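J.: What follows is a protein structure lacking sequence information:
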């Protein structure tokens, strides 16, 4: 049984065939998924899918790229949604220094507001990090994020950054890039992470693993991530599947 901890089945790329994609995932042994919403439209989509399917859960948050659009009404809405029985985390949230839509100071403030909310409602958080590792670690430390912990989603940072995050009660999650032939750093980190801090994901429809790189990703492919990590660590796929599924259920409180 596999747990894909980060999917975007609420994305427009699945508009025509989301039910077939979900069926393929089940056929490949994916027992649990978390659909992540990051703005008004995708949050509504995540909730809809979670309400429709027993084995799908939702995370709700605000993406740093769109931080400029975030306001008090959205924060209040996220707090209300945190009581929804299928909402298991807040996010994705964080910092993205690749795109220029939202100024960095605005991103940081919106990130801090969401961490404070997570501590208030006692839900774990899902972190989006693009070219902002040290600032993210600093904010997580300053805002006492260790009280709720969460996931460093689609991790691509150094082992040192991973260790700083794990010290704050965070899990390290690997997606498709760990299967890329030239992905030296993710492979190195995936070999070293303690097993009780390891998670897997697809981040679909993005970052499809080898040999589907460049194509639309889907949850069924999370098995390829598990296979790569099993190979790196000299373990069986079943062992990695069981460990990461248990870790995911423990983090999100899914029993």
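T.: Looks like it arrived, so ask away. Predicted, not measured: the structure shown is a model, and the values here were computed from it.

J.: Low-confidence stretches in the stretch 151-255 of the chain?
T.: Judged against pLDDT under 70, the stretch 151-255 of the chain has no low-scoring part.

J.: do that again at 90, thanks
T.: Across the stretch 151-255 of the chain, residues meeting the criterion (pLDDT under 90) sit at 255.

J.: Show me where it has its helices.
T.: According to DSSP state H, counting those that start in this stretch, the stretch 151-255 of the chain carries its helices in the segments 159-166, 184-192, 222-233, 237-252.

J.: Look up how far residue 28 lies from residue 103.
T.: 42 Å (C-beta to C-beta, to the nearest Å). C-betas here are computed from N, CA, C, even on glycine.

J.: Which of the two has more residues huddled nearby?
T.: residue 28 (16 against 11; other C-beta atoms under 10 Å).

J.: Please work out how many residues are found near residue 71.
T.: Neighbour count for residue 71, taken as other C-beta under 10 Å: 10.

J.: Quick one: work out the angle between the strand ranked longest in the chain and helix 237-252.
T.: Longest strand of the chain, by residue count under DSSP state E: strand 87-96. Inter-element angle recorded for strand 87-96 and helix 237-252: 90 degrees (by axes from the mean of the first three to the mean of the last three C-alpha atoms, to 10 degrees).

J.: downstream neighbour of strand 87-96 in the secondary structure list?
T.: Next helix or strand after strand 87-96 toward the C-terminus (DSSP states H and E): helix 104-121.

J.: who does that following helix touch, helix- and strand-wise?
T.: helix 72-81, strand 87-96, strand 125-130, helix 133-142 (3 or more C-beta pairs under 8 Å, 6 or more residues apart in numbering; DSSP states H and E).

J.: and the nearest residue to residue 192 once chain neighbours are set aside, what is it in contact with?
T.: Spatial nearest neighbour of residue 192, excluding adjacent residues (C-beta to C-beta, 6 or more residues apart in numbering): residue 159 at 5.7 Å. Contact partners of residue 159, counting by C-beta atoms under 8 Å, 6 or more residues apart in numbering, are 188, 189, 192.

J.: out of the residues you listed, who has the most neighbours?
T.: Counting by other C-beta under 10 Å, top hit in these: residue 189 with 23 neighbours.

J.: returning to what we had before: most tightly surrounded among the helices of the stretch 151-255 of the chain?
T.: The highest mean neighbour count among the helices of the stretch 151-255 of the chain, using mean count of other C-beta atoms under 10 Å, belongs to helix 222-233: a mean of 21.
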